[in-house]
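In: sequence first, predicted model second:
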Amino acid sequence: MTIQEINKELQDRGFYPELYEKTIGNETMIVANVEWGDWKHEHRYLDYIMDELGYFVYKVDVTENDGSDCYSALHYYRKYHR
């Protein structure tokens with residue numbers, strides 16, 4: 001699945017994070033930037049959709065946080081190897 005296909009799938013579900021690819025070691029990962037999203041409705045929902053598309057969370061880097069339920073983070077996803 002290409003990054004364009006992933007982006008379209010997310011948009012079809014009403015979700016618009018900034019997506020890009022990043023190579024770490026010898027693996028290319030999908031990175032999604034969620035800015036000031038609610039932990040449940042944006043961050044967890046994104047993880048759920050990506051899991052359905054065959055990707056799992058490798059790591060999440062919180063970039064901004066004010067102690068509320070909303071925060072900004074970079075989500076790194078790796079493709080399941082089945």
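Out: Now that the structure is in, tell me what you want to look at.
In: what's the burial count for residue 36?
Out: When neighbours are defined as other C-beta atoms under 10 Å, residue 36 has 13 of them. Where you see a C-beta, it was placed from the backbone N, CA and C, and this is true even at glycine.
In: the helix or strand in which it is found pairs with which strands?
Out: Assigned by DSSP states H and E, residue 36 belongs to strand 27-38. Sheet pairing for strand 27-38, assigned by DSSP bridges, gives strand 18-24 (antiparallel), strand 70-79 (antiparallel).
In: among these, which is nearest residue 64?
Out: Across those, residue 64 has its closest neighbour in strand 70-79 (3.9 Å, C-beta to C-beta).
In: pLDDT averaged over the closest one - what is it?
Out: Averaging pLDDT along strand 70-79 gives 95.
In: show residues contacting it.
Out: Under the criterion C-beta atoms under 8 Å, 6 or more residues apart in numbering, residues 17, 22, 24, 27, 29-39, 43, 46-47, 50, 54-65 lie in contact with strand 70-79.
In: let's see 7 Å
Out: Under the contact criterion C-beta atoms under 7 Å, 6 or more residues apart in numbering, strand 70-79 has outside partners 27, 29-38, 43, 46-47, 50, 54-65.
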